[in-house]
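# mind folding the following:
(one chain, ligands or ions: 1)
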Amino acid sequence: MSEPSDPHTGAAAWRNWAGDERCGPAAILHPASIEELSAVVQRAAREGRRVRVAGAGHSFPDIACTDGLMLKLERLAEVIDVDRESGLVRVQAGITIHGLSRHLAEHGLALENLGDIDVQTIAGAVSTATHGTGAKLGNISSQVRELTLVLADGSTLSCSAQQEPEVFRAARVGLGALGVIAEVTLQCVPAFTLRGVDAPAPLEETLAGFEELALANDHFELFVFPHTDTALTRTNNRTEEPPRPRGRAADYLNDVLLTNHAFGLFCRLGRRLPARIPQINRTVTRLASRSVRVERSDAIFASPRLVRFTEMEYALPREHTTTAVRRVMEMIEQRGFAVPFPIEVRTVAPDDALISTAAGRESGFVAVHMYEGMAWEPYFRAVEAIMDELDGRPHWGKRHFQTAATLRERYPDWDRFQAVRARLDPEGRFANAWSARVLGDV
Ligand SMILES: Cc1cc2nc3c(=O)[nH]c(=O)nc-3n(C[C@H](O)[C@H](O)[C@H](O)COP(=O)(O)OP(=O)(O)OC[C@H]3O[C@@H](n4cnc5c(N)ncnc54)[C@H](O)[C@@H]3O)c2cc1C
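All right, here's what the predicted structure looks like:
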């Protein structure tokens, strides 16, 4: 079960998707059953080591890093049970959203909503409150109906709205800090087709109508490049039209060559010539044209991401969303930050997980990105200062500079989460440097 270690340092090596967070776990282990999971956690307790699960490594900060035992669950990636009638589907925690969507489609089912990519593990996506867009749709964690956890003493605990409800509300967005999620039961919906329309539109008009657009469509989001006055809108609605899959060659041309490689080229140019970024952004925006696709939902939601970047995203009370976008755009102009990536704007419905980013409020999400190899910290700090003033909560899987002290006041149920954490993991077996900073010591 152990990964070969570095011959020079003796440690195993791990890094995240963006490649800018690395760690040297004492060992990387690949358990293949709940019994093996329990045994690893018990072994860690005996050896006085910490434990952290890494999913697909698609979080931007050091949230999955550890110098203790790192667990990877790709051998726990099966669909356990599908109930077509109720839409309840039980899976092992290491399955990717992509793998799950494929299985669901075979049974005429789908996940109600997805984010931009589908390569995350289901447990990783659930643990950080990963979301798509849709003012009336919750994040992926809100679709969870039951979780089976392996706890710090190696025992297992199942939780749901009926059984251990407080643990369930905590573990639905548990940040890897409560135990190892071994199994997840999700509420799925009958498979559906989406009509996806991408179209440029005047920025001011789009921001003025944002609330209406978000409420009138199943899924509405917009991208806007700094120094431009055009929103690149994406509107996905359910349709009864028959799907018209593009085929592999067209997928490759659009998703890989045009979207990724051409964009990557512009980013490289911007990194070399930062003073030209305003002009480059205007060119990229002018190249965007209207396109319509009608496909199975998961094919419309997710697309490949080959250009590497790092990201910060804030959840805001929805009424503050457009103010945040305008203020970030102004701040970039004033401070002269070189930003070759668009700002992304989405909406999510409220839920009741104790520390979900959308807990208890209708939320708008504003995300900022920086191309690999370019300075991100000054830009992200300036964005964070704006989000702080607008009652923002940082996405748990993305970069931020908050600490337990600055986060506590943003979550009415913060102390309840901490009480569950203290009960399930009194010795901090699942702690790491990230959790010490963001959640505080147990
Ligand atoms: C290109 C890109 C696009 C993205 N798009 C979106 C988007 O559209 N919407 C959005 O909300 N986010 C998005 N994200 C962020 C991403 O969805 C989250 O960071 C997600 O948590 C990553 O899942 P993962 O499987 O890679 O988990 P990791 O990043 O490896 O781990 C995340 C956390 O989950 C914990 N964890 C993982 N598995 C388990 C388990 N079995 N038991 C207990 N804890 C566990 C880890 O310990 C860690 O704390 C994107 C990220 C990238 C790189």
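
# next, count neighbours for residue 369.
The tally of other residues near residue 369 (other C-beta atoms under 10 Å) stands at 23. C-beta: built from backbone N, CA, C; applies to glycine.

# quick one: contacts for residue 276?
Under the criterion of C-beta atoms under 8 Å, 6 or more residues apart in numbering, the neighbours of residue 276 are 269-270.

# give me the phi and psi for it.
With angles defined as degrees, to the nearest 10, residue 276 sits at phi -90, psi 0.

# tell me how far it lies from the ligand.
Separation of residue 276 from the ligand (C-beta to the nearest ligand atom, to the nearest Å): 25 Å.

# contacts only, for the closest residue to the ligand within the stretch 251-400 of the chain.
For the stretch 251-400 of the chain, the residue closest to the ligand is residue 397, as judged by C-beta to the nearest ligand atom, at 2.4 Å. Contacts for residue 397 (C-beta under 8 Å, 6+ apart) come out as 58-61, 63, 124, 128-130.

# most neighbours, which of the residues you listed?
Most surrounded of the contacts of residue 397: other C-beta under 10 Å gives residue 59, at 30 neighbours.

# let me know the secondary structure of that one.
Secondary structure, DSSP: H, G, I helix; E, B strand; the rest coil: residue 59 is coil.

# ok, residue 159 next?
strand.

# what does the pLDDT read for it?
Note on residue 159: pLDDT of 98.

# residue 244 now?
The model's pLDDT for residue 244 equals 93.

# so what's it up against?
Residue 244 neighbours (C-beta under 8 Å, 6+ apart): 293-295.

# now swap in residue 431 and tell me
50, 177, 425, 441-442.

# out of those, which end up buried?
50, 177, 425, 442 (16 or more other C-beta atoms under 10 Å).

# centroid residue for this structure?
Nearest to the mean C-alpha position of the chain, by C-alpha atoms, centre = their mean, lies residue 130 at 3.6 Å.

# in a helix, that one, correct?
No - assigned with three-state DSSP, residue 130 falls outside any helix and is coil.

# that one and residue 159: what is the separation?
Separation of residue 130 from residue 159 (C-beta to C-beta, to the nearest Å) stands at 20 Å.

# just residue 353 next, same as before
The gap separating residue 353 from residue 159 is 12 Å, by C-beta to C-beta.

# residue 393 too?
23 Å.

# cool, and residue 376?
37 Å.

# domains in the protein, by residue range?
79-190, 193-394 (automatic domain parsing).

# between which two of the contacts of residue 431 is the distance greatest?
50 and 441 (12.6 Å; C-beta to C-beta).

# before we move on, the earlier item: and the contacts of residue 397 as a markdown table, adding pLDDT?
Compiled in a markdown table, these are given as follows (pLDDT from 0 to 100):
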| residue | pLDDT |
| --- | --- |
| 58 | 98 |
| 59 | 98 |
| 60 | 98 |
| 61 | 98 |
| 63 | 98 |
| 124 | 98 |
| 128 | 98 |
| 129 | 98 |
| 130 | 98 |
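
# returning to what we had before: shared neighbours, residue 50 and residue 441?
Counting by C-beta under 8 Å, 6+ apart, the contacts common to residue 50 and residue 441 are 428, 431.

# okay, the worst-scoring helix or strand of the chain on mean pLDDT in PDB with CA atoms only?
When each helix and strand of the chain is scored by mean pLDDT, DSSP states H and E, helix 248-251 comes last, with a mean of 70. Taking C-alpha atoms only, helix 248-251 is exported to PDB below (Å, rounded to 0.1, in the frame of the first residue of the first chain):
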ATOM      1  CA  ARG A 248     -14.600  13.800 -30.000                       C
ATOM      2  CA  ALA A 249     -12.900  15.800 -32.800                       C
ATOM      3  CA  ALA A 250     -15.100  18.900 -32.200                       C
ATOM      4  CA  ASP A 251     -14.600  18.500 -28.400                       C
END
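
# before I go, just wanted to say thanks for your time.
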